[in-house]
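J.: Got a sequence here, can you model it:
(one chain, ligands or ions: 1)
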Amino acid sequence: MRNVIIIGSGCAGNTAAIYTARANLGPLVVSGHEPGGQLSLTTLVENYPGFPDGIDGPVLVENMKKQAEKFGAQYLQGTVNQVDFTQRPFQVAVDGEWMETRSVIIASGASARWLGLESEQKLIGHGVSSCATCDGFFYRGKKVIVVGGGDSAMEEAIFLTRFASEVTIVHRRNEFRASRIMLDRAKANPKIRFVTPAVVDEVYDVNQGVVTGVRLRNVHTGETWDHEIDGLFVAIGHIPNTAVFKGQIELDEAGYIVSHGGARTSVEGIFHAGDVQDKVYRQAVTAAGAGCMAAIECERYLESLGD
Ligand code: NAP
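T.: Residues are numbered from 1 along each chain as shown. Predicted coordinates for the structure are as follows:
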């Protein structure tokens, strides 16, 4: 039987692994379907403290893993496809194989929702991004598009005007899901213009390996046209990776884990860390902090069991 199984191997999971491993708990980390999490999809990370010259996202997350392994954490490639948190020890199935554990740290993250274009997928990290806070800095004096009509799209567009010379919000409807205040702020910003009702049909240029523009389509008239840009920010929401926990712990209407204070979930002994619970900050450093919190609470919980 395990002391702790950590579900997810992004910033939150790896940090929880470092802390629980150093506490001699021999954690098992299940890597999940996106090993390394969101960081593995980025290029240069310039806002993670301690790296004055920045560090590549995949390198940062790999270093965290090495650090955890050094203290005895074990990594298992696979996906948790079923859990039973109603009995103790808790039951966790990895690709169909059941394991028993005294505690669980859920750090399965939230995946950015993408448009689903092949060209978009090929250019992620090369001009296509899902995080303006992470990548906005690289677009000083450049032209960008933000796709989406929610608060995230407005917030990202407003943030990007600090750097970009022109920000175009492309949204598939004429009505916006964003709150009035965010929409008004975006509309009042002289650097932001709106193109609606429109969608991105194609991202150029896969052959050059970098974003040079997009093909837009008016969804009412079907008219298409090309628009030159240097960056495409997709802000159409996130999907928390919690399908497997439905009915086992409390989730909100969007599927995020409901926190019961600190890193606690609705079930004692099951903890949350990172974007699987956080729809506000979503930063590598906040996820790492959350992983640390979950590990410390987990350690105290196991101590309280006394066996
Ligand atoms: P959201 O509110 O779900 O909005 C997603 C937007 O993306 C919608 O406008 C949707 O269009 C569009 N969309 C979805 N799939 C698409 C597709 N395949 N192609 C094109 N467009 C697509 O998500 P969010 O903006 O990330 O916000 C999530 C939650 O966080 C919300 O509750 C929001 O209020 C909150 N939030 C708050 C703040 C703030 O207050 N500062 C900042 C960020 C987020 P349709 O409208 O046509 O469906």
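
J.: Tell me how many other residues surround His227.
T.: By other C-beta atoms under 10 Å, the residues close to His227 number 16. Bear in mind the C-beta positions are built from the backbone N, C-alpha and C, glycine included.

J.: Please determine how far it is located from Val199.
T.: As judged by C-beta to C-beta, to the nearest Å, His227 and Val199 stand 12 Å apart.

J.: which residues do these two both contact?
T.: Leu216 (C-beta atoms under 8 Å, 6 or more residues apart in numbering).

J.: Tell me the secondary structure of the closest residue to Pro35 other than its chain neighbours, please.
T.: Spatial nearest neighbour of Pro35, excluding adjacent residues (C-beta to C-beta, 6 or more residues apart in numbering): Ser9 at 5.3 Å. What DSSP: H, G, I helix; E, B strand; the rest coil gives for Ser9 is coil.

J.: The one 10 residues further on too?
T.: Using three-state DSSP as the criterion, the local structure at Tyr19 reads helix.

J.: Can you name the helix or strand that the residue lying closest to it once chain neighbours are set aside falls in?
T.: Distances taken as C-beta to C-beta, 6+ apart place Ala295 nearest to Tyr19, at 3.3 Å, with adjacent residues excluded. Using DSSP states H and E, Ala295 sits within helix 284-305.

J.: and that helix, what does it pack onto?
T.: Packed against helix 284-305 by the contact rule (3 or more C-beta pairs under 8 Å, 6 or more residues apart in numbering; DSSP states H and E) you find strand 2-7, helix 11-22, helix 57-70, strand 97-106, strand 270-272.

J.: Save these as CSV, and put in distance to Phe90, mean pLDDT and mean neighbour count too.
T.: Formatted as CSV, these follow (distance: least, C-beta to C-beta, whole Å; pLDDT from 0 to 100; neighbours: other C-beta atoms under 10 Å):
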stretch, distance to Phe90, mean pLDDT, mean neighbour count
strand 2-7, 8, 98, 26
helix 11-22, 15, 98, 29
helix 57-70, 21, 96, 18
strand 97-106, 5, 98, 21
strand 270-272, 7, 98, 29
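
J.: Tell me the spacing between the residue in the chain positioned nearest to the ligand and Arg113.
T.: The chain approaches the ligand most closely through Gly150 (2.4 Å), counting by C-beta to the nearest ligand atom. Noted for Gly150: a distance of 11 Å to Arg113, by C-beta to C-beta.

J.: interface residues of the stretch 1-150 of the chain facing the ligand?
T.: By C-beta under 6 Å from any ligand atom, the part of the stretch 1-150 of the chain that sits against the ligand consists of 113, 115, 147-150.

J.: what's the farthest-apart pair in those residues?
T.: Leu115 and Gly150 (14.5 Å; C-beta to C-beta).

J.: Going along the chain, name the helices of this protein.
T.: 11-22, 57-70, 118-122, 132-135, 151-160, 180-188, 284-305 (DSSP state H).

J.: Can you list the low-confidence ranges for the stretch 51-200 of the chain?
T.: Applying pLDDT under 70 to the stretch 51-200 of the chain flags no residue at all.

J.: So the residue nearest to Pro35 is in contact with Tyr75, correct?
T.: Yes: counting by C-beta atoms under 8 Å, Tyr75 is a contact partner of Ser9 at 6.8 Å.

J.: Give me the common contacts of those two.
T.: 29, 31, 65.

J.: mind listing what the first one touches?
T.: Just to be clear, that refers to Val29. 5-6, 8-9, 13-14, 17, 68, 73-76.

J.: What is the burial count for Ala243?
T.: Using other C-beta under 10 Å, Ala243 has 11 neighbouring residues.

J.: what's the closest non-adjacent residue to it?
T.: In space, Ala243 is closest to Gly255, 7.5 Å off (C-beta to C-beta, 6+ apart).
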